[in-house]
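All I have is the shape, not the residue letters:
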């Protein structure tokens, strides 16, 4: 079973053993992004000149259109501020979302490129490296956004149902809707690790519940057996029972590898709980809907915990070693378990597809 190798947030906690000074990356003409799109690498001055030429062209066209409508008209002075490109990007995402029925997948960046795909947010110049969390817009647009980083959260309104219903955690249950190649799926590329899966799904469910409460819409009630399985699996006092309609494969995944609680036994009075440790909101008041950046902060904290626990102690900085010493063995055991990537049930999936075509 593949393990998630956390990347970006380890840069200030781990010692970099590679020598990047010999790598010439500024002169490389193109690279392929994780999603198949082509990335053009230019220096900052070249990119700025291109944007200036583009803005000057738009300004000339705008003035000419106004003069054609009315020779005496005053041409409005529209300043190009940082807010305008962001608003245009927001509009494009919404139009594409409605036209193409796009979904937003929270996923792990795969190992398909050494340098990583560039975050497509208009005001971000960072690359999304292997093992980073990101949000991919599918289908079309070929856009990926770093998360944590709040980039995508600036383009959508997750406090609205039309946006939150499109947000998906990329797991064994949704991987086929992502449209990935079979080779990518069998290698565990893109799939979230167990901890991120449980956290993202809990965050989405909590946001949708608050939205329904605010809007006065009917809520779909979760099967009590399923809710207990999701929230109490791993506790020594939990009397497990398989929900109706759930496969054995999924049941044992949720009951074992993906259990949100880590316990030392029936005498344990302080069981470790993934949700309590990493979800930054209580989701018991409507004001929590405004904290849409809590998705990024949650993933950032979870990624940091994996770095501290899963990195060899010799590669940690002094600050990282001090933080690692604060993590007790029970928590470390749970973080390692949830850091693995749960794979799909390929045998059942292929079996079902074969017989559905007969």
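Yep, that arrived. Here the structure is a predicted model, which means the values were calculated and not measured.

Surely residue 177 and residue 166 touch.
No. Residue 177 lies out of contact with residue 166 (C-beta atoms under 8 Å); the separation is 11.4 Å. Bear in mind the C-beta positions are built from the backbone N, C-alpha and C, glycine included.

who's more crowded, those two?
The neighbour comparison of residue 177 against residue 166 (other C-beta atoms under 10 Å) goes to residue 166, with 17 against 12.

ok, that one - contacts?
97, 102, 103, 104 (C-beta atoms under 8 Å, 6 or more residues apart in numbering).

Which ones among those map onto helices?
If you go by DSSP state H, those have residue 97 in helices.

Among the contacts of residue 166, which one is most surrounded by other residues?
Among the contacts of residue 166, the one with the most neighbours (other C-beta under 10 Å) is residue 104, at 24 neighbours.

so where's this structure shaky on pLDDT?
For the chain, the stretches flagged by pLDDT under 70 are 1, 7-83, 112-114, 141-142, 148-149, 347-358.

Break down it into its helices, ranges please.
For the chain, the helices defined by DSSP H cover 44-69, 83-100, 161-164, 182-186, 194-215, 224-232, 248-252, 274-278, 294-310, 318-325, 329-338, 346-356.

So which of those helices is nearest residue 144?
Using C-beta to C-beta as the measure, helix 83-100 is the one of these that comes nearest residue 144, at 12.8 Å.

Tell me how far the closest one lies from the chain's centre.
19 Å (C-alpha atoms, centre = their mean, to the nearest Å).

list the buried ones in that helix?
89, 93, 94, 96, 97 (16 or more other C-beta atoms under 10 Å).

show me the contacts for residue 107.
133, 134, 135, 136, 170, 178, 190, 191, 192.

Give me the distance between it and residue 185.
Residue 107 sits 12 Å away from residue 185, going by C-beta to C-beta, to the nearest Å.

Next: residue 215.
Distance from residue 215 to residue 185, by C-beta to C-beta: 36 Å.

picking up where we left off before, would you list the contacts of residue 107 in TSV and tack on neighbour count and distance to residue 5?
Compiled in TSV, the contacts of residue 107 are given as follows (neighbours: other C-beta atoms under 10 Å; distance: C-beta to C-beta, whole Å):
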residue	neighbour count	distance to residue 5
133	28	12
134	30	15
135	27	19
136	27	19
170	25	17
178	19	20
190	22	14
191	28	13
192	27	13
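
and for residue 107 and residue 185, which residues touch both?
Common neighbours of residue 107 and residue 185 (C-beta under 8 Å, 6+ apart) are residue 191.

and the end-to-end length of stretch 97-111?
27 Å (C-alpha to C-alpha, to the nearest Å).
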